[in-house]
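Peer 1: just a sequence and a predicted model for now, questions to come.
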Amino acid sequence: MNLERALQLFLSHLTVERGLAANSLKAYRSDLNNFLEFSLALNLTSVDSIDLDHLTKYLNKLSADNLSQSTIARRIAAIKGMFGFLVKEGLASSDVSAVLATPKLPNRLPKALTVDQVTKLLSTVTLNKPVDYRDQTILEFMYASGCRISEAVMVDVDDLDLINQVVKLSGKGNKQRVVPLGDYAIAAINQYLVSARPVLIAGAKVDSAALFRNKRGGRLTRQGIWGVIHKAAQVAAIQGVTPHSLRHSFATHLLEGGADIRVVQELLGHSSVSTTQIYTKVTIEGLRNVYALSHPRARD
């Protein structure tokens, strides 16, 4: 089978059958196109013309290009996924990628803010203009819900149930979940809906159900939310804050407060509890540090 055609079939499978989110699909397409360019440069135009030696050369090229281990691992995973799909569908005679080793990645712990840091971050906005109310709401909402930035972008007003204090989020693969919101977030949302959002949408050319709006009334983008968080972090003088920092902090603080890991898994929208378990290591590391500093016989 033609390699380019095989790539398109696999991407279609990821879109239709597996319902991959747009960002994940974009990463797959980019990684596989990189492999396609490499293969075509070697005159490898069909799936069955590729063997393990070619894949090994590609892996060596990625290493020579000084790409990060995570990028290399992601590209190899995309190739292995494609070949596995092709064999399963009877479009390739064998899976030449099966024995290809994926680089081992360090099990890096997510960086969570302390409760005091989060409080400081959420107190940075001075409420003067409509966008100030929006920015304050974004900060409160993301910490209260633990949502991904892509989920925050896609929240519509109709996804909110302010009486029951919950929001419906659409996560990876369009999987939906309902997440509770605390009093602070609800208060911020109510104030934003009454005082700011009507002003922001007044000049909008296209009617949109989006909760978070930009100055022109359109749906706020990922970059827009990134900018809100970056600005707040600068004002609070906290280094290394990203939208995911609030998600990490949400999970870590829940576990530190005694929440069951299965509940946190559900709130985060993780398909596997093993993904959530990394946060237990964060809390254990914190306990270990407190123990080392506080226990009279912790150190020699």
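Peer 2: Arrived safely. Predicted model, so just to flag it, every value in this text is computed and none were measured.
Peer 1: would you put the C-alpha positions of stretch 18-32 in PDB?
Peer 2: Taking Å, rounded to 0.1, in the frame of the first residue of the first chain, the C-alpha atoms of stretch 18-32 are listed here in PDB:
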ATOM      1  CA  ARG A  18     -11.200   6.900  18.200                       C
ATOM      2  CA  GLY A  19     -12.500  10.500  18.300                       C
ATOM      3  CA  LEU A  20      -9.100  12.000  19.100                       C
ATOM      4  CA  ALA A  21      -9.100  15.700  20.100                       C
ATOM      5  CA  ALA A  22      -8.000  18.300  17.600                       C
ATOM      6  CA  ASN A  23      -4.700  19.000  19.400                       C
ATOM      7  CA  SER A  24      -3.800  15.300  19.600                       C
ATOM      8  CA  LEU A  25      -4.700  14.700  16.000                       C
ATOM      9  CA  LYS A  26      -2.500  17.700  15.000                       C
ATOM     10  CA  ALA A  27       0.500  16.200  16.900                       C
ATOM     11  CA  TYR A  28      -0.100  12.800  15.200                       C
ATOM     12  CA  ARG A  29      -0.200  14.400  11.700                       C
ATOM     13  CA  SER A  30       2.900  16.500  12.300                       C
ATOM     14  CA  ASP A  31       4.900  13.500  13.600                       C
ATOM     15  CA  LEU A  32       3.800  11.100  10.800                       C
END
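Peer 1: what comes up buried for that stretch?
Peer 2: By neighbour count on 16 or more other CB atoms under 10 Å, the buried set for stretch 18-32 is 20, 21, 27, 28, 29, 31, 32. C-beta coordinates here come from the backbone N, C-alpha and C atoms, glycine included.
Peer 1: again with stretch 64-73
Peer 2: Buried residues in stretch 64-73, defined by neighbour count with 16+ other CB under 10 Å: 72, 73.
Peer 1: ditto for stretch 132-140
Peer 2: Neighbour-count burial for stretch 132-140 flags 133, 134, 135, 136, 137, 138, 139, 140 (criterion: 16+ other CB under 10 Å).
Peer 1: spatially nearest residue to the third one (excluding sequence neighbours)?
Peer 2: This points to residue 135. Leaving aside its chain neighbours, residue 135 sits nearest to residue 228 (4.7 Å; criterion: CB to CB, 6 or more residues apart in numbering).
Peer 1: any chance of the buried residues of stretch 18-32 in TSV, plus secondary structure, pLDDT and distance to residue 174?
Peer 2: Listed next are the buried residues of stretch 18-32 as TSV, based on DSSP: H, G, I helix; E, B strand; the rest coil; pLDDT from 0 to 100; distance: CB to CB, whole Å:
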residue	secondary structure	pLDDT	distance to residue 174
20	coil	73	9
21	coil	71	7
27	helix	90	17
28	helix	93	16
29	helix	94	18
31	helix	94	22
32	helix	94	22
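Peer 1: between the buried residues of stretch 132-140, which is nearest residue 62?
Peer 2: Lowest distance from residue 62 to the buried residues of stretch 132-140 (CB to CB) belongs to residue 138, with 37.0 Å.
Peer 1: got a list of what the closest one touches?
Peer 2: By CB atoms under 8 Å, 6 or more residues apart in numbering, residue 138 lies in contact with 152, 212, 220, 225, 228, 229.
Peer 1: from residue 212, how far off is the third one?
Peer 2: Residue 220 sits at a distance of 4 Å from residue 212 (criterion: CB to CB, to the nearest Å).
Peer 1: how about the fifth one?
Peer 2: According to CB to CB, residue 228 and residue 212 sit 9 Å apart.
Peer 1: tell me the mean pLDDT over the strand or helix carrying residue 5?
Peer 2: Here residue 5 is covered by helix 3-16, with elements defined by DSSP states H and E. Helix 3-16 carries an average pLDDT of 90.
Peer 1: equivalent analysis for stretch 149-161, please.
Peer 2: 93.
Peer 1: distance between it and the chain's centre?
Peer 2: With CA atoms, centre = their mean, to the nearest Å as the basis, stretch 149-161 stands 15 Å off its chain's centre.
Peer 1: the residue nearest to residue 135 contacts residue 140, doesn't it?
Peer 2: No. Counting by CB atoms under 8 Å, residue 140 is not a contact partner of residue 228; they are 11.4 Å apart.
Peer 1: quick one on the thing from earlier: which neighbours do residue 228 and residue 212 share?
Peer 2: 134, 138.
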